[in-house]
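*Asks:* Whatever this is, show me its structure:
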Amino acid sequence: MIPVNLVYETDRLILKVLKADAAEEVLRFYLDNKELFEKYEPDRPRHFYTAAHQKAVLICEYNMTVKLSAVRFYVYRKEQPDKIIGTFCFRNITRSIYQSCEAGYKFDEAYHHKGYAFEALYTGIQIMFDDLKLHRIEANVMPENTASVRLLDALGFSCEGLVKEYALIRGSWRDHLRYSLIAPSASIS
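*Replies:* From the prediction side, this is the model:
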């Protein structure tokens, strides 16, 4: 039994954990947004833009969901349930004394500034805090990614400072801002 649902709905969206049979759909999403996404992400593996690679990634992600080490949702509009408009994940889910994870997200540029990312991530955060009982969610973002900074601010994340040379992006070590969000009822029982 998987400890989280594979499908959630919000007012306007469907959030799904996908299986390997969605590889072509995921590949289309990445190809349609290649220029935007590659500005903020590491170099892609040689076969990233192939259905075979995406199928392997989806199998891995599904297995991580079963183990609750990470959960990735793909986002669809209810009125267009066959087109991925975004994805977000909670990775490095750590239990024990930490009860934390890291959030990451990306949305098709055609769907920016419509509140979809906020709506999807808000629901995902509730799942992490309410269903998985996590205490802390972190997110790291390059300072020039102002849309992402605004999203984190709107979701209630607090900026904890600048992390120097945090990630190797497009061949150079890039600084990131570290944000965090603490579960609303942060007291221990």
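*Asks:* which of the residues in the lowest-mean-pLDDT helix or strand in the chain are buried?
*Replies:* Among the helices and strands of the chain, helix 34-38 carries the lowest confidence by mean pLDDT, DSSP states H and E, at a mean of 89. Buried positions in helix 34-38, judged by neighbour count with 16 or more other C-beta atoms under 10 Å: Phe37. Glycine gets a C-beta too; all of them are placed from N, C-alpha and C.
*Asks:* Against which helices or strands is the following helix or strand past it packed?
*Replies:* Going down the chain from helix 34-38, the next helix or strand is helix 51-67, by DSSP states H and E. If you count contacts as 3 or more C-beta pairs under 8 Å, 6 or more residues apart in numbering; DSSP states H and E, helix 51-67 packs onto helix 23-32, strand 71-77.
*Asks:* helix or strand right after the last one?
*Replies:* Moving toward the C-terminus from strand 71-77, the first helix or strand encountered (DSSP H and E) is strand 80-94.
*Asks:* neighbours around Tyr111, how many?
*Replies:* By other C-beta atoms under 10 Å, the residues close to Tyr111 number 15.
*Asks:* And the one 3 residues further on, by the same measure?
*Replies:* A count of neighbours around Lys114, defined by other C-beta under 10 Å, yields 13.
*Asks:* tell me which element it falls in.
*Replies:* Under the criterion DSSP H and E, no helix or strand holds Lys114.
*Asks:* What about Glu61, how many residues nearby?
*Replies:* Neighbours of Glu61 under the rule other C-beta under 10 Å: 23.
*Asks:* Could you do Leu13 as well?
*Replies:* Applying other C-beta under 10 Å, we find 21 residues neighbouring Leu13.
*Asks:* what does the model give it for pLDDT?
*Replies:* For Leu13, the pLDDT comes out at 98.
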